[in-house]
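Asker: sequence first, then the predicted structure, then my questions.
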Amino acid sequence: MIEETTYTIGDLAREFGITPRAIRFYEDEGLLSPVRAGRNRIYNKRHRTRLGLILRGKRLGLSLAEIGELLGMYDGLRDSAPQLRRLLVVLAERRRVLEQQREDIAAVLGEIDILEKQCVAQLAENPEGAAAAHAALAARLDEGG
């Protein structure tokens, strides 16, 4: 009889660089369901793999619901084509959101560049005014607000 490799919550937490509380949270969300031996949780290779997939999904910015849906599709299926098609849809949506965020960030950075140039130009034209504004700001900060 072949003995299955098992892990404790501490083993998995150390391996993945997360807290045991994070693993318990994924359990509470229904993403992991270890075997219980009294108060102890016993994880196997399948749980370890699922935890790795959960963390990968989180790195990609997927919601726990999306991760759960994808993991649920994987369980018990021999044909992974539906899961892969769904994953492609989820990834395409995530890509769209990130690309929009990148455009938004680029626009904000462009505005910051313009404002910085305007500030530098105004300071160059009026160094006394800049010093007075700096002193007033420092005084407000010293007063606590």
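Answerer: Alright, I've got the coordinates.
Asker: okay, CA-based contacts and neighbour counts for the rest of this
Answerer: Noted.
Asker: neighbours of Ala81, how many?
Answerer: Burial measure for Ala81: 12 neighbouring residues, criterion other Cα atoms under 10 Å.
Asker: hang on, Tyr43 in a helix?
Answerer: No: secondary structure of Tyr43, determined by DSSP: H, G, I helix; E, B strand; the rest coil: strand, with no helix assignment.
Asker: got a list of what it touches?
Answerer: When contacts are counted by Cα atoms under 8 Å, 6 or more residues apart in numbering, Tyr43 touches 6-9, 34-35.
Asker: as a markdown table, the residues you listed with pLDDT, secondary structure and neighbour count would be great.
Answerer: Shown next, in a markdown table, are the contacts of Tyr43 (pLDDT from 0 to 100; DSSP: H, G, I helix; E, B strand; the rest coil; neighbours: other Cα atoms under 10 Å):
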| residue | pLDDT | secondary structure | neighbour count |
| --- | --- | --- | --- |
| Thr6 | 93 | strand | 14 |
| Tyr7 | 95 | strand | 17 |
| Thr8 | 94 | coil | 15 |
| Ile9 | 95 | helix | 18 |
| Pro34 | 94 | coil | 16 |
| Val35 | 92 | strand | 12 |
